[in-house]
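> Just the structure for this:
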Amino acid sequence: MVDDSPLQLKILSSMLQRWGLEVFQAQSGAEALLLCDQMRPDAVLSDWMMPGMDGLEFCRLFRAQCGDRYGYFILLTSKSDKAEIARGLDAGADDFLTKPVNASELRARINAGARILQMQRQLSATLGRLQAAYDAVDRDLQQARTIQQALVPRRSRRIGASQVSLLLKPCGHVGGDLVGSFSHCERSVGVYSIDVSGHGITSALMTARVAGLLGGDFPDQNIALERIVHGTLFRPPEEVVRRLNERLAADPGVAEYMTMAYAVADLDSGKVELVQAGHPPPLLLRAGGGAEFIGQGGLPVGLIPGARYERLRLQMQPGDRLLLYSDGLTEALLPDGTQLDFAGLRALALEVQGQGTEYLDDLFWRFTQRTRSGVRLEDDVSAALLEFGGT
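Numbers count the residues shown, from 1 in each chain. Sure, this is the predicted structure:
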């Protein structure tokens, strides 16, 4: 209770104390600010007109001092002009009481303030619980991101004179894109790029499952490899995608599916067999400077039980590169609102210099500059690059 009149202080304080409220008194705004700093009141009743610091200035300073803990502020005034009331509200006042103060009206406004404070504190408690839950989820997602990054433990691997390099840029903590490679000898390699429908945790879980089925660290668990008496062979790529499709399509209650490009390269001859299952067409970059897209589409994986897939063939020459990528590249928006599209990606890929991960990093940097520089990715971006070195 703040008032420069000792009599007014005594009358109102006695009234409030009879209602069971604990009352602290101050005869000036400066004295009241010191009190508020020490005991953080639930509510303040302050006279508007006081010598030195008036009620408006005191209210502004009180609001600045409150921090996260809200205090209900009632101004006592003889003013009734709407412009003056607006000044009081702008200063941070919650309510007004005209002098002389009516006891019933004072009690009603105190009760109204108490209800607002109760709701505010309940809201603060709820927000605190939500923040704690968000922090827990965020920690889990950070760990999930670490785990998903571990699915691509090496961004580059050299196999004889050839090389496979990988790029994975989720648009959130975790994503639905995955790229990888595996090999059981120095003469051939399998390279894949997948894009699970949707984003986030559900999509990331499916990428983890597929990574387990196409892992390079445990060849005996890789469904793309067939163990025979005298060694290991690559299964035909269309057979591998068919097996993946049957496994994913049979999962009950799973609505997600994925697109995929999977290629098997003979590193002695340069012959490549691949399957395009709903994925963007791989881009073949010739050593002489030309570039062409391979494939026409195909059905996604995990969408239709019994789907069949077509094997495509191409011949790579020493110095040629094969780029598998997700639609996060081609469907990215340019500043004019159009998509980068296949022609834009082709032009971008041809102007990039370097080899291996240096090539992919430069491609991604130019991509971000060409599209919406500084804007967060709207979709996951991934790529796998096979550089054929010949024998």
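> show me the contacts for the most centrally placed residue in the chain.
For the chain, the residue whose C-alpha lies nearest the mean C-alpha position (Cα atoms, centre = their mean) is residue 172; its distance is 3.3 Å. For residue 172, the contacting residues are 141, 199-200, by Cβ atoms under 8 Å, 6 or more residues apart in numbering. C-beta coordinates here come from the backbone N, C-alpha and C atoms, glycine included.
> wouldn't residue 291 be in contact with residue 320 here?
No. Assessed by Cβ atoms under 8 Å, residue 291 is found out of contact with residue 320, at 10.2 Å.
> Give me the more crowded residue out of these two.
More neighbours surround residue 320 than the other of residue 291 and residue 320, with 21 against 15 (other Cβ atoms under 10 Å).
> Could you pull up the residues touching the more buried one?
270, 284-287, 387-388.
> Restricted to strands, list those.
Within the contacts of residue 320, residues falling in strands by DSSP state E are 284-285, 387.
> Dump those residues to a markdown table, plus distance to residue 245 and pLDDT.
Shown next, in a markdown table, are the ones in strands among the contacts of residue 320 (distance: Cβ to Cβ, whole Å; pLDDT from 0 to 100):
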| residue | distance to residue 245 | pLDDT |
| --- | --- | --- |
| 284 | 25 | 97 |
| 285 | 29 | 97 |
| 387 | 29 | 97 |
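> Just the closest of these to residue 102, please.
residue 285 (85.4 Å; Cβ to Cβ).
> Can I get the contacts of residue 320 in CSV including neighbour count and distance to residue 190?
Shown next, in CSV, are the contacts of residue 320 (neighbours: other Cβ atoms under 10 Å; distance: Cβ to Cβ, whole Å):
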residue, neighbour count, distance to residue 190
270, 18, 15
284, 19, 17
285, 22, 20
286, 14, 22
287, 13, 22
387, 23, 15
388, 23, 14
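> Tell me which two of these sit farthest apart.
270 and 285 (13.8 Å).
> about what we covered before: can you tell me which of the contacts of residue 172 is closest to residue 33?
Nearest to residue 33, judged by Cβ to Cβ, of the contacts of residue 172 is residue 141 at 43.8 Å.
> contacting residues for the closest one?
Counted by Cβ under 8 Å, 6+ apart, residue 141 has contacts 172-174, 201.
> what does residue 95 give?
By Cβ under 8 Å, 6+ apart, the neighbours of residue 95 are 72-75, 109, 112-113.
> coming back round to it: tell me the one among the contacts of residue 320 nearest to residue 56.
residue 285 (71.1 Å).
> Please verify my assumption that that closest one contacts residue 349.
Yes. Between residue 285 and residue 349 there is a contact under Cβ under 8 Å: 6.1 Å.
> Overlap of the contact sets of the two?
Common contacts of residue 285 and residue 349 (Cβ under 8 Å, 6+ apart): 291, 323.
> Are any of the contacts of residue 141 buried, and if so which?
Buried members of those, counted by 16 or more other Cβ atoms under 10 Å: 172-174.
> and of these, the nearest to residue 13?
Nearest to residue 13 among the buried ones among the contacts of residue 141, counting by Cβ to Cβ, is residue 173 at 55.4 Å.
> Got the domain ranges for this structure?
6-124, 151-387 (automatic domain parsing).
> tell me the most buried of these?
domain 151-387 (a mean of 18; mean count of other Cβ atoms under 10 Å).
> quick one: the closest residue to residue 168 other than its chain neighbours from residue 259, how far?
Once flanking residues are discounted, residue 168 sits nearest to residue 382: 4.9 Å by Cβ to Cβ, 6 or more residues apart in numbering. Per Cβ to Cβ, to the nearest Å, residue 382 is found 12 Å from residue 259.
> Which neighbours do the two have in common?
Common neighbours of residue 382 and residue 259 (Cβ under 8 Å, 6+ apart) are residue 195.
> quick one: contacts for residue 147?
With Cβ under 8 Å, 6+ apart as the criterion, the residues that contact residue 147 are residue 208.
> Assumed it was part of a helix.
Yes. The assignment for residue 147 by DSSP: H, G, I helix; E, B strand; the rest coil puts it in a helix.
> now it: how far from residue 174?
Separation of residue 147 from residue 174 (Cβ to Cβ) stands at 8 Å.
> now swap in residue 124 and tell me
Using Cβ to Cβ, residue 124 is found at 31 Å from residue 174.
> So for the one helix or strand residue 167 maps to, mean pLDDT?
Assigned by DSSP states H and E, residue 167 belongs to strand 162-169. Strand 162-169 carries an average pLDDT of 94.
> CA atoms of it as PDB?
In PDB, the C-alpha atoms belonging to strand 162-169 read as follows (Å, rounded to 0.1, in the frame of the first residue of the first chain):
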ATOM      1  CA  SER A 162      37.500 -45.500 -57.300                       C
ATOM      2  CA  GLN A 163      35.900 -43.500 -54.400                       C
ATOM      3  CA  VAL A 164      32.500 -43.200 -52.800                       C
ATOM      4  CA  SER A 165      31.600 -40.000 -50.900                       C
ATOM      5  CA  LEU A 166      28.500 -39.100 -48.900                       C
ATOM      6  CA  LEU A 167      26.600 -36.000 -47.800                       C
ATOM      7  CA  LEU A 168      23.800 -36.000 -45.300                       C
ATOM      8  CA  LYS A 169      22.100 -32.700 -44.100                       C
END
